[in-house]
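Undergrad: give me coordinates for this.
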Amino acid sequence: MNLITITTFLPLAGAVLLLLSSALASRGAGRGSHDNLYRWITLIVTTATFFVSLGVIKEFDLTVAGPQLTQKVPWISSLGANYFVGVDGISVWLVLLTTFLMPISILASWGVTKRVREYMIFMLTLETGMIGVFVSWDLLLFYLFFEITLIPMYFLIGVWGGERRVYAAIKFFIYTVVGSLLMLVALIAVYFYNAKATGGVYSFDIYDITRNIATGKTVIPENVKLWLWLAFALAFFIKVPLFPFHTWLPDAHVEAPTAGSIILAGVLLKMGTYGLMRFNLPFFPDISQKVAPYVMALAVVGIIYGALVAMVQPDMKKLVAYSSVSHLGFVVLGIFSFTDLAMQGALYQMLAHGVSTGALFLCVGIVYDRRHTRMIADYGGIATPMPQYSTMFLIIALSSLGLPLLNGFIGEFLILLGAFASPVPHAKLFAVLGATGVILSAVYLLWMLQRVIFGEVKKRENAELEDLDAREKWALVPLVAMAIVMGIAPMLFLRASEKSVNGVREAVLGKPAGVAVER
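TA: The predicted structure is shown next:
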């Protein structure tokens, strides 16, 4: 069987196994034993999925720009829809990021006691949906996976979230559904325009449509292009989320369980930036060039606004949530700079953000499990009772603010360097203003560390805190290690994405890359 298909559906097979395991609850040991079994089954399945996905990297050819390791099987023949999956340099690392974060999220979910089987089923279903988004090369299949991810996350927030979980879940669902429905209309329109250009041959094949548009074979009317671009863009801007479509994110992050926040920040938000690179830029290159200054302006506003709002947050989890708005603004800035350095940096920043921000949410969750509060004022001096935790928290925070030799520095540096050389009008100004986000991120993260970790222990509850246990180390150490590896050896990741990213850039500007990333 195809390696991509196995990676995609192995988690769903695990979910089916848990669904069929309800008979276990009616015999033998008590409920607690069954809950523990559900946890271990889910951990084993997600870990196995990660190791299978490593085979994708092993088989990946760095010299090929298009989809690889593909499988194409007729699905709905009357519509021209196929089960068409594969990876290219843009999606391959996002698949690995998803499979890497899932076992860590399951370890972070070990303390869940309410409806454990259902919780694990939703987590596994969510993993299949997320991987499916990144490996789909059929528009209809992409949309199906894109929508599948909404349902598990809705229930994860709405059932296992905080006090305002229902409000946050509904808000998340409404925002995302409205955007994705507009995208559905746009992809149907592209589907028909492509069929018209190919003599009535209907196809949802993303690679063929992209190629037809690039060669001028598929022509979308000028008076329609902008509206279709906006329909795709709105769905992805909401998912990122780009200012001013960000208001659902802090509520969802704060109310979601720890694992939900890790996956939401680490993977789900990347579906938005991935969609911009996969659809908006190659499908509508001329419109993307025209609107680039406006999108870059919104990205810069998001960078500064997110950082400023994060600075005044009394809640650690909300601070990290607003930091996501700021950091993903860098990604959008890089994507619409249309230079290979900035676009490579944008993809790298997606990966770095997934690791560092996922780890920040895990760090917040670890102390919340002990103190049942996320308020910064309730802590202080916890480096004394929790030295191992504090060391890892410090490293992850420094990676998030972009300290050299850690993962956050590479992405932001490439984005700002590429944006400064961008052909987009006013790009130099946007790069300079965007650079202030690096300074502001240092302010809010270091200030949080000072108030939470350092100083004297002023509250007796903090003096009695226990340091990391074995499970928490297994969850946190891989994230810290990955932040360091990505910081000191970025070319391990950049080589795989170079060909595909430059292909998107050339599709927009219609000429070869000017500044190549050296190997």
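
Undergrad: which other helices and strands does the host helix or strand of Met123 contact?
TA: Assigned by DSSP states H and E, Met123 belongs to helix 116-135. Packed against helix 116-135 by the contact rule (3 or more Cβ pairs under 8 Å, 6 or more residues apart in numbering; DSSP states H and E) you find helix 3-20, helix 31-59, strand 81-87, helix 92-108, helix 139-148, helix 150-160, helix 258-263, helix 270-275. Bear in mind the C-beta positions are built from the backbone N, C-alpha and C, glycine included.

Undergrad: can I get those in a markdown table including distance to Ile188, mean pLDDT and mean neighbour count?
TA: Shown next, in a markdown table, are these (distance: least, Cβ to Cβ, whole Å; pLDDT from 0 to 100; neighbours: other Cβ atoms under 10 Å):
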| stretch | distance to Ile188 | mean pLDDT | mean neighbour count |
| --- | --- | --- | --- |
| helix 3-20 | 24 | 91 | 20 |
| helix 31-59 | 31 | 87 | 17 |
| strand 81-87 | 12 | 92 | 23 |
| helix 92-108 | 25 | 94 | 25 |
| helix 139-148 | 9 | 93 | 20 |
| helix 150-160 | 19 | 91 | 21 |
| helix 258-263 | 29 | 90 | 28 |
| helix 270-275 | 16 | 91 | 24 |
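
Undergrad: would you list these in a markdown table and tack on distance to Trp248?
TA: Converted to a markdown table, the helices and strands packed on helix 116-135 look like this (distance: least, Cβ to Cβ, whole Å):
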| stretch | distance to Trp248 |
| --- | --- |
| helix 3-20 | 25 |
| helix 31-59 | 27 |
| strand 81-87 | 29 |
| helix 92-108 | 21 |
| helix 139-148 | 16 |
| helix 150-160 | 11 |
| helix 258-263 | 14 |
| helix 270-275 | 12 |
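
Undergrad: of those, which approaches Ala197 most closely?
TA: Closest approach to Ala197 among those (Cβ to Cβ): helix 139-148, 15.3 Å.

Undergrad: now for the closest one, which elements pack on it?
TA: Going by 3+ Cβ pairs under 8 Å, 6+ apart, helix 139-148 lies up against strand 68-76, strand 81-87, helix 116-135, helix 165-197, helix 206-214.

Undergrad: so the longest one versus helix 139-148, what angle?
TA: Comparing the axes of helix 165-197 and helix 139-148 via axes from the mean of the first three to the mean of the last three Cα atoms, to 10 degrees yields an angle of 180 degrees.

Undergrad: average model confidence for helix 165-197?
TA: Mean pLDDT, helix 165-197: 89.

Undergrad: that one: which residues count as buried?
TA: Neighbour-count burial for helix 165-197, counted by 16 or more other Cβ atoms under 10 Å, picks out 165, 168-169, 171-173, 175-176, 179-180, 182-184, 186-187, 190-191, 193-195, 197.

Undergrad: next one: the last one
TA: Neighbour-count burial for helix 206-214, with 16+ other Cβ under 10 Å as criterion, is recorded at Ile206, Tyr207, Asp208, Ile209, Thr210, Asn212, Ile213, Ala214.

Undergrad: got the angle for the host helix or strand of Leu494 vs helix 206-214?
TA: Per DSSP H and E: Leu494 is located in helix 491-509. With the same axes, to 10 degrees defining the directions, helix 491-509 sits at 40 degrees from helix 206-214.

Undergrad: packing partners of helix 491-509?
TA: Applying 3+ Cβ pairs under 8 Å, 6+ apart, we find helix 491-509 packed against helix 92-108, helix 281-283, helix 285-311, helix 340-371.

Undergrad: quick one: distance of it to the chain centre.
TA: 19 Å (Cα atoms, centre = their mean, to the nearest Å).
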